[in-house]
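Enquirer: Dropping the sequence and predicted coords here.
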Amino acid sequence: MDIALHQSHGAVTLNDIAKRQRISVKYLWQVINPLKTAGFLSVTRGAKGGYVLARRPDEIDLFEIVTILEGEVSLVDCLHKNEVCEMRDACVARSVWMDVNRVVEKALKKVKLSDVLKRCEGASDVNNYVI
């Protein structure tokens, strides 16, 4: 969000994000690298270097971001593809959680980064959010 909100003034540096969000640059590296590797961000090197979105905000949904940063969306462990359980095929609770998980995924796919940015427009302080 921070990059999307501030890239109109040029590439956004990690130091600037860290100051605005009151978080460490070390933590930001953990967030930025997977997003860069996945093609969400472009990096510019040099004195005026930093990060900009590689895609438009209306082309990025929250499901993509969550998946890149957190891995597979799974509300309970037994929904992981590699999780093995004796009751896996007969478990009613698992089938309910699978349905709920699908709804969560569908909801995340509907919300675009541009939708989130629109919510910032009405905020008194666009830097007042948690990433």
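Expert: Yep, that arrived.

Enquirer: what residues go with each domain of this structure?
Expert: As assigned by automatic domain parsing, the chain contains the domains 1-54, 60-124.

Enquirer: buried residues in the host helix or strand of residue 31?
Expert: Remark: residue 31 resides in helix 25-37, with elements defined by DSSP states H and E. For helix 25-37, burial by neighbour count (16 or more other Cβ atoms under 10 Å) applies to 28, 31-32, 34-35. All C-beta atoms are positioned from the backbone trio N, CA, C, and that covers glycine.

Enquirer: so which two of those residues are the farthest from each other?
Expert: Put simply, by Cβ to Cβ the two of the buried residues of helix 25-37 set farthest apart are 28 and 34, 11.6 Å from each other.

Enquirer: what is the mean pLDDT for the helix or strand hosting residue 115?
Expert: Element membership for residue 115, per DSSP H and E: helix 113-121. Mean pLDDT, helix 113-121: 90.

Enquirer: And that helix, how far out from the chain middle?
Expert: How far helix 113-121 lies from its chain's middle: 14 Å, per Cα atoms, centre = their mean, to the nearest Å.

Enquirer: Packing partners of the helix or strand bottoming out on mean pLDDT in the chain?
Expert: Across the helices and strands of the chain, the lowest-confidence element by mean pLDDT, DSSP states H and E is helix 113-121, at a mean of 90. Applying 3 or more Cβ pairs under 8 Å, 6 or more residues apart in numbering; DSSP states H and E, we find helix 113-121 packed against helix 2-6, helix 62-70.
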